[in-house]
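K.L.:
structure for this input, please:
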Amino acid sequence: MIKGMVKLWEKRALKIEKRVRLVISVVLLSGAMLFASFFNLAQAIYFLPLLLFLTYFLTYFSLLEGIKKMSWYGLFLMPVVTSLSFFLFYYLFPTRWLTRLPFITIYAISLYAVILCSNIFNVGVEKSLGLYRAAFSINFFFQTLVIFFAFMFMASLKEFFWFNFLGGGIISFFLSGQLFWTIKLDKHLDKGLLGYSALIGLLLAELSLLCSFIPFGSSIFAIFLTSIYYSLTGLVYNFIDQKLFKETIREYLLVLVFVFIVVVLSVSWR
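P.N.:
Numbering: from 1, shown residues only. This next block holds a predicted model:
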């Protein structure tokens, strides 16, 4: 009976144009985020599971067709993590209309872009086409954005070092796994890609742990770890895709060196 109801719902949902479904989903989720923004973090945190469930369900409503096996992870992770990171990042600022409206607008645009990328990955666009390259680049950009939000939130909590260790490792592992999956868009995540994700997760966990004992400001802590994530995943992605040329290595290393210099100059041991 439940399967029949689901199939009936899917059949009716498919009558709605996909772009319209995407807009409906973004509007509903933006409304949910706006509603949550009227409460303080201690109150709104109870709303978070519902927000994440709605994000997952409405992403499914937006995509609907052709979702198979690994796609249930690869296509849905970024929309869910985007909602989670924006939700937590919002409470680092004063909750007033001056910040609320721009925040909701940016969240809506970001969520639309992320789900649109998931749709492009889902329909199996050829990697040689510019549409795929644009989707990959946008997906990678929002990965660095949400991981920056996550590190900012972790640093602002000033919890024990183990919290940064676990948080940095877990989010880096799952995000890098999703990024590497988009290289081939296979039905399964092979052991090699899983190993690369585990390595990046471990490195970011250890660096998060190390940085917990250095007097960084929250923004410097987040920028430093985000730049490392960006460079490591960029190098591994190009290696897997057999595009790891000298120019590519130099580009990512320059980012690391520049950020490292800024971080060293910003540290105050007083």
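K.L.:
burial measure for the spatially closest residue to L232 that is not a sequence neighbour, as a count.
P.N.:
For L232, the nearest residue in space outside its immediate sequence neighbours is I200; the separation is 5.4 Å by Cβ to Cβ, 6 or more residues apart in numbering. For glycine as for every other residue, the C-beta is placed from the backbone atoms N, C-alpha and C. For I200, the tally of surrounding residues (other Cβ atoms under 10 Å) stands at 23.
K.L.:
now do the contacts for I200.
P.N.:
Contacts for I200 were tallied using Cβ atoms under 8 Å, 6 or more residues apart in numbering; they are S172, F173, S176, Y229, L232, T233, V236.
K.L.:
which ones among these lie within helices?
P.N.:
S172, F173, S176, Y229, L232, T233, V236 (DSSP state H).
K.L.:
was I right about the fourth one contacting I171?
P.N.:
Going back to what we said before, that points to Y229. No - applying Cβ atoms under 8 Å as the test, Y229 and I171 come out as separate, 9.1 Å apart.
K.L.:
please tell me how far L179 sits from F136.
P.N.:
With the distance defined as Cβ to Cβ, to the nearest Å, L179 ends up 8 Å from F136.
K.L.:
settle it for me: which of these two has more neighbours?
P.N.:
Here L179 and F136 are set side by side on neighbour count (other Cβ under 10 Å), and the busier one is L179, at 26 against 19.
K.L.:
how close does the spatially closest residue to the more buried one that is not a sequence neighbour get to L64?
P.N.:
In space, L179 comes closest to T233 once its chain neighbours are excluded; the distance is 5.6 Å by Cβ to Cβ, 6+ apart. Taking Cβ to Cβ as the criterion, T233 is separated from L64 by 29 Å.
K.L.:
on that earlier part again, and the pLDDT for the residue nearest to L232?
P.N.:
pLDDT recorded at I200 is 95.
K.L.:
T233 and L64: who's more crowded?
P.N.:
T233 (24 against 16).
K.L.:
and the more buried one, how far from C117?
P.N.:
To C117, T233 is 16 Å away according to Cβ to Cβ.
K.L.:
now M70. Its backbone dihedrals?
P.N.:
phi -60, psi -20 (degrees, to the nearest 10).
K.L.:
thinking it is in contact with K184, fair?
P.N.:
No - taking contacts as Cβ under 8 Å, M70 lies outside contact range of K184: 10.1 Å.
K.L.:
the more surrounded of the two?
P.N.:
Counted by other Cβ under 10 Å, M70 and K184 do not tie: M70 has more neighbours, with 17 against 14.
K.L.:
and the more buried one, how far is that from E17?
P.N.:
Remark: distance between M70 and E17 (Cβ to Cβ) = 27 Å.
K.L.:
what's the answer for L157, then?
P.N.:
Remark: distance between L157 and E17 (Cβ to Cβ) = 43 Å.
K.L.:
out of these two, which sits in the busier spot?
P.N.:
Taking L157 and E17 together and counting by other Cβ under 10 Å, L157 has the greater number of neighbours (14 against 9).
K.L.:
got the contact list for the more buried one?
P.N.:
Contact partners of L157, counting by Cβ under 8 Å, 6+ apart, are F163.
K.L.:
number the residues from 47 up from this point.
P.N.:
Got it, first residue is 47 now, which makes that one L203.
K.L.:
E293: what secondary structure?
P.N.:
helix (DSSP: H, G, I helix; E, B strand; the rest coil).
K.L.:
ignore the last one, I260
P.N.:
Going by three-state DSSP: I260 is coil.
K.L.:
what's the local residue count around Y119?
P.N.:
For Y119, the count of nearby residues is 13 (other Cβ under 10 Å).
K.L.:
that one against T228, yeah?
P.N.:
No - between Y119 and T228 no contact is recorded; they are 11.5 Å apart, counting by Cβ under 8 Å.
K.L.:
what residues go with each domain of the chain?
P.N.:
Split into domains by automatic domain parsing, the chain comes to 47-169, 173-316.
K.L.:
in what helix or strand does G214 lie?
P.N.:
For G214, the enclosing helix or strand under DSSP states H and E is helix 207-230.
K.L.:
do the same with G247
P.N.:
When secondary structure is defined by DSSP H and E, G247 falls within helix 237-257.
K.L.:
please consider this matter closed, and thank you.
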